[in-house]
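Colleague: just to be clear, the model below is a prediction. Sequence and coordinates:
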Amino acid sequence: MWSVLRSLWLVFLHMFQPRITVQYPDEKPYLAPRYRGRIILSRDPDGEERCVACYLCAVACPVDCISLQATEDENGRRYPDWFRINFSRCIFCGLCEEACPTYAIQLTPDIEMGEYNRQNLVYEKENLLINGPGKYPDYNFWRVAGVKIKDKDKGQAENEAPPADLHTLLP
Amino acid sequence: MNPVLLKIIVLVGILLVVLTLSSGLIWLERRLLALWQDRYGPNRVGPFGLLQVLADMIKIFFKEDWIPPFADKWVFVIAPSIIMITVLLTFAVIPFTPTIQISDTNIGLLFFLGMSSLGVYSVVLAGWASNNKYALLGAVRAASQMLSYEVFMGLAMMGTVILAGTFSLRGIVEAQRHMWFVVPQFLGFVLFFIAGIAETRRLPFDLPEAESELVAGFHSEYSGMKFGMFFVGEYLGVILISVLMSVLFFGGWLGPVLPPVVWIALKTLFFICFFILLRAAMPRPRFDQLMSWGWKWMLPLSLANLAVTGAVVLAMRR
């Protein structure tokens, strides 16, 4: 009986406690910089697309919401011809971001992507691509990768030793 | 003014006020529960979210009024109206103020008891007609709970009847001019309060519709406005029990300075808020605990209360 009255009184006192609710549309909650929201494709510091169309994100995606088509430009750099993310399927797990070898695909703290038309949730490459480097401002995959492209032969990447000359190794 | 016309005005007035209040209680309950749970509750539609009720009502009117094919159709339809009818009829004998009362019968209290017993039919028939095991379980619980709690509810009220010497609710209020009956009848008040909660099937005694066990209990199969009638019926019951508590134990409309209407409204509102506080704070007991409290504690206590009150009144008369 005493405990009943005590709990009634304690619940009554909660009247004077501060509210926990965040009144969302008027008052935005703080989302951490690493919050997993809307997915973007970033560019390297030179302004080129980071994505090398390796399909790892599409493979890692547990709900198969990412699809793309790889192609190659005249310099021998791979890039996606088209890149499509179906956000009506996406579960914002961030596995694509973890799988990406070039930091191209990144999740951002933006959650306000409600649509009246389901089809509008299918984002194409022009919707996904942003103009900045995202969370990794200095990273440039093609500068550090030992892959040959135009104007950069093997061994010319940063911190890379020149390749061994196979012919000098002959007995 | 023509007395018949006056009666009709009072009747329609009470009906409108009570029905509006009972839907307004939905808003009040949600706001107060939120208040006691550190939330805001509905505060978007209109000032303080008051128009939320209107929005909900429009919504519920447009919901599909579905009768399950396996249900007993006529009983299914009639059941929700019974609770509305019985509770609304009881308001006929409630003396809100000396002037606002539809019918001052000399058996007002018995009329209330009879009507609340009839109200059980609503729940039982709803559960039975739904032809659904959860609904039936809820109905069986409701029947046993309300029957056992009604016994000592009547007994708890008899103390005030002995003190006032009349079954007329107006007479009971008039008898409290010098002292509210809550002072000599405190035990009776507590017992009546507990029985009132059980009678309206409010938390913590909402076992007939225990969500965690029985889906929604006796109204599992109900939707649309038929569900709305159960809902409004429950709130009407809350208002009824609150008004009765202030009439029987807290001197009804009696009070200094303010006009009678304000006094009864204030007292009623206080008890309504207390009902909601109980819902915010109390866990639900097991069903066997509920029954054993009813029969092993409440009934003997109310019998003892009745016997002692009777003995004291007799001794004072000598």
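Modeller: On my side now, so go ahead. Given the structure is predicted, the values throughout are model-derived calculations rather than measurements. Numbering: from 1, shown residues only, chains lettered A, B, ... in the order given.
Colleague: could you pull out the helices for the chain?
Modeller: Just going to use chain A. A:2-13, A:56-60, A:95-99, A:125-128, A:141-144 (DSSP state H).
Colleague: other chain: chain B
Modeller: Counting by DSSP H, the helices of chain B are B:3-36, B:52-61, B:73-90, B:108-130, B:133-164, B:169-174, B:186-199, B:211-214, B:224-249, B:260-281, B:287-292, B:299-317.
Colleague: quick check, B:Thr105 in contact with B:Phe112.
Modeller: No - with contact defined as C-beta atoms under 8 Å, B:Thr105 does not count as touching B:Phe112 (10.3 Å). Any C-beta I mention is one placed from the backbone N, CA and C, and that applies to glycine too.
Colleague: okay, and the common contacts of these two?
Modeller: Shared contacts of B:Thr105 and B:Phe112, defined by C-beta atoms under 8 Å, 6 or more residues apart in numbering or on different chains, comprise B:Val93.
Colleague: what residues does chain A put near chain B?
Modeller: A:4, A:7-8, A:10-12, A:14-15, A:17-21, A:23 (C-beta under 8 Å from any C-beta of the partner chain).
Colleague: again, only this time at 10 Å
Modeller: Within chain A, the residues that sit near chain B (C-beta under 10 Å from any C-beta of the partner chain) are A:4-21, A:23, A:25.
Colleague: how about the contacts made by residue 130?
Modeller: No chain specified, so I'll use chain A. Counting by C-beta atoms under 10 Å, 6 or more residues apart in numbering or on different chains, A:Ile130 touches A:Ile40, A:Leu41, A:Ser42, A:Arg43, A:Gln106, A:Thr108.
Colleague: nope, chain B
Modeller: B:Ser130 neighbours (C-beta under 10 Å, 6+ apart): B:67-68, B:70-72, B:75-76, B:79, B:136, B:138-139, B:218-222.
Colleague: go ahead and build a ChimeraX selection from the buried members of these.
Modeller: Remark: buried members of the contacts of B:Ser130, expressed as a ChimeraX selection using 16 or more other C-beta atoms under 10 Å in any protein chain shown:
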select /B:67,68,71,72,75,76,79,136,138,139,218,219,220,221,222
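Colleague: looking at the contacts of B:Ser130, which two lie furthest apart in space?
Modeller: Within these, B:Ile67 and B:Gly138 form the most distant pair, 18.2 Å apart (C-beta to C-beta).
Colleague: so what's B:Met1 scoring on pLDDT?
Modeller: pLDDT recorded at B:Met1 is 68.
Colleague: distance check, the closest residue to B:Leu299 other than its chain neighbours against B:Thr268.
Modeller: Among residues not flanking B:Leu299 along the chain, B:Phe152 sits closest, at 4.8 Å (C-beta to C-beta, 6 or more residues apart in numbering or on different chains). Note on B:Phe152: its distance to B:Thr268, by C-beta to C-beta, to the nearest Å, is 23 Å.
Colleague: quick check: the residue of chain B nearest chain A.
Modeller: The nearest approach of chain B to chain A comes at B:Ala281, 3.9 Å away (C-beta to the nearest C-beta).
Colleague: for that residue, give me its contacts.
Modeller: A:4-12, A:14, B:36, B:203-204.
Colleague: apply 6 Å and report the result again.
Modeller: Taking C-beta atoms under 6 Å, 6 or more residues apart in numbering or on different chains, we find B:Ala281 in contact with A:Ser7, A:Leu8, A:Val11.
Colleague: got it, and B:Leu248?
Modeller: The contact partners of B:Leu248, by C-beta under 6 Å, 6+ apart, come to B:Thr160.
Colleague: strands along chain A, start to end?
Modeller: Here chain A has its strands, by DSSP state E, at A:39-41, A:66-72, A:78-86, A:105-107, A:122-123.
Colleague: I'd like those as JSON lines, with mean neighbour count and mean pLDDT appended.
Modeller: Output for those, formatted as JSON lines (neighbours: other C-beta atoms under 10 Å in any protein chain shown; pLDDT from 0 to 100):
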{"stretch": "strand A:39-41", "mean neighbour count": "22", "mean pLDDT": "92"}
{"stretch": "strand A:66-72", "mean neighbour count": "16", "mean pLDDT": "91"}
{"stretch": "strand A:78-86", "mean neighbour count": "18", "mean pLDDT": "91"}
{"stretch": "strand A:105-107", "mean neighbour count": "23", "mean pLDDT": "91"}
{"stretch": "strand A:122-123", "mean neighbour count": "18", "mean pLDDT": "92"}
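Colleague: now the spatially most central residue of chain A: how far from A:Gln119?
Modeller: Nearest to the mean C-alpha position of chain A, by C-alpha atoms, centre = their mean, lies A:Gln106 at 1.3 Å. In this view, A:Gln106 and A:Gln119 are 24 Å apart by C-beta to C-beta.
Colleague: could you give the number of residues near the residue lying closest to B:Val18 once chain neighbours are set aside?
Modeller: With sequence-adjacent residues excluded and distances taken as C-beta to C-beta, 6+ apart, B:Val18 is closest to B:Phe91, at 5.7 Å. Using other C-beta atoms under 10 Å in any protein chain shown, B:Phe91 is surrounded by 21 other residues.
Colleague: re the thing from before, just want to know which of B:Thr105 and B:Phe112 has more residues nearby.
Modeller: Shown here are B:Thr105 and B:Phe112; by other C-beta under 10 Å, B:Phe112 has more neighbours (27 against 15).
Colleague: wait, that one touches B:Thr90, no?
Modeller: Yes - with contact defined as C-beta atoms under 6 Å, B:Phe112 counts as touching B:Thr90 (5.2 Å).
Colleague: contact residues of chain B facing chain A?
Modeller: Applying C-beta under 6 Å from any C-beta of the partner chain, we find that chain B lies next to chain A at B:Leu35, B:Trp36, B:Asp38, B:Arg39, B:Tyr40, B:Ala280, B:Ala281.
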